[in-house]
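Colleague: A predicted structure for the sequence below; I have some questions about it.
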Amino acid sequence: MKSSKLWVAFLSLFLFVGLATQIQAQTETETTKTYLIIKNDGSRYVGQIISQDAREVILLTKELGEIAIPKHEIKEMRELTSEEITDDGRLRRENTFATRYYISTNANPISKGENYIIWNLYGPDIQFGISDDFGVGLMTTWFGSPIVGSAKYSLLKKNNVGVALGTLLGTGSWASPDYGIALPFGSVTLGEMDKNISLSVGYGAVFGPGSSGGSALFSIAGMNRISDRVSLVFDSFVVMENNEAAALIIPAVRLHSGPQKAFQLGFAGVAAEGELLPFPFPFLQWYRAL
């Protein structure tokens, strides 16, 4: 009888320790996963689930700390994959690359941590989201000349209207170290992130030993995401000089492979002196989130 009691006590202790370990493991696993909660009013929250019961979910968010969300207010709750989260724990937008058309940018900001690179046939173009309204970038050719840096500050994003100021500053690098370029600009964007039209106005200047010059230019660009996988993109640059205009026109199709990948195919032409001269080769771009 005594031995039976010892066996029962031993077995109970064993089961208790095993159950406690399992519960602890489940809790640790739960709090290391990142979840997206969408409420009935469209509000979105991202964080780790601390606890939940039949009435509410306690979520640990980066911005607000611990918040309690009543379950009857939750429309959707799901675990996020690593591809959907930035390095600092934020939710990556479904259209990470929506701030770019082909060459030009729009007034929409790059969110903090949403860095990406564009592989062009001529060279790379990398962009960094420093904050939710300020981004910087660097572009060059495979030969390392020229090297151009960019900066853009989004002043306004409200009611589908965006306003931004930016600049491009470049050097001829090792090939032409004495030459440089500067292009300050302003952009106004109307519409949503992936369905919009933009007007940009700037002044491009080239300077070097014994020679310098510049001209006003503007750009009309836009995009329309017609499905989860396809966006139609239009870009243009119009240069004004001596009361004459010349335009670079680039219509393109962007194919999305997810929040971190996209491929863009475009065809370009130059309109000048009443003629349209098409480029004999396509313009290709590969977008990758970093």
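Modeller: Ah, there it is.
Colleague: helix, strand or coil for residue 246?
Modeller: Here residue 246 is strand, with the state taken from DSSP: H, G, I helix; E, B strand; the rest coil.
Colleague: what's across from it in the sheet?
Modeller: Note on residue 246: beta-bridge partners by DSSP bridges are residue 239, residue 272.
Colleague: and it, how many neighbours?
Modeller: By other CB atoms under 10 Å, 15 other residues sit near residue 246. C-beta: built from backbone N, CA, C; applies to glycine.
Colleague: isn't it right next to residue 270, touching?
Modeller: Yes. Contact criterion CB atoms under 8 Å: residue 246 and residue 270 qualify, at 6.6 Å.
Colleague: which segments of the protein make up each domain?
Modeller: 2-84, 116-289 (automatic domain parsing).
Colleague: quick one: residue 181 and residue 202, what's the gap?
Modeller: Per CB to CB, to the nearest Å, residue 181 is found 12 Å from residue 202.
Colleague: ok, the two, which is more surrounded?
Modeller: residue 202 (22 against 17).
Colleague: the longest strand in this protein is where?
Modeller: Ranked by number of residues, the top strand in the chain under DSSP state E is strand 176-192.
Colleague: what sits up against that one?
Modeller: 105-108, 145-146, 148, 160-172, 196-209, 217, 222 (CB atoms under 8 Å, 6 or more residues apart in numbering).
Colleague: buried stuff in it?
Modeller: 179-183, 185, 187-191 (16 or more other CB atoms under 10 Å).
Colleague: same check on stretch 117-127?
Modeller: Taking 16+ other CB under 10 Å as the criterion, stretch 117-127 shows 117-118, 120, 123, 125-127 as buried.
Colleague: can you map out the helices along the stretch 101-250 of the chain?
Modeller: Secondary structure of the stretch 101-250 of the chain (DSSP state H, counting those that start in this stretch): no helices present.
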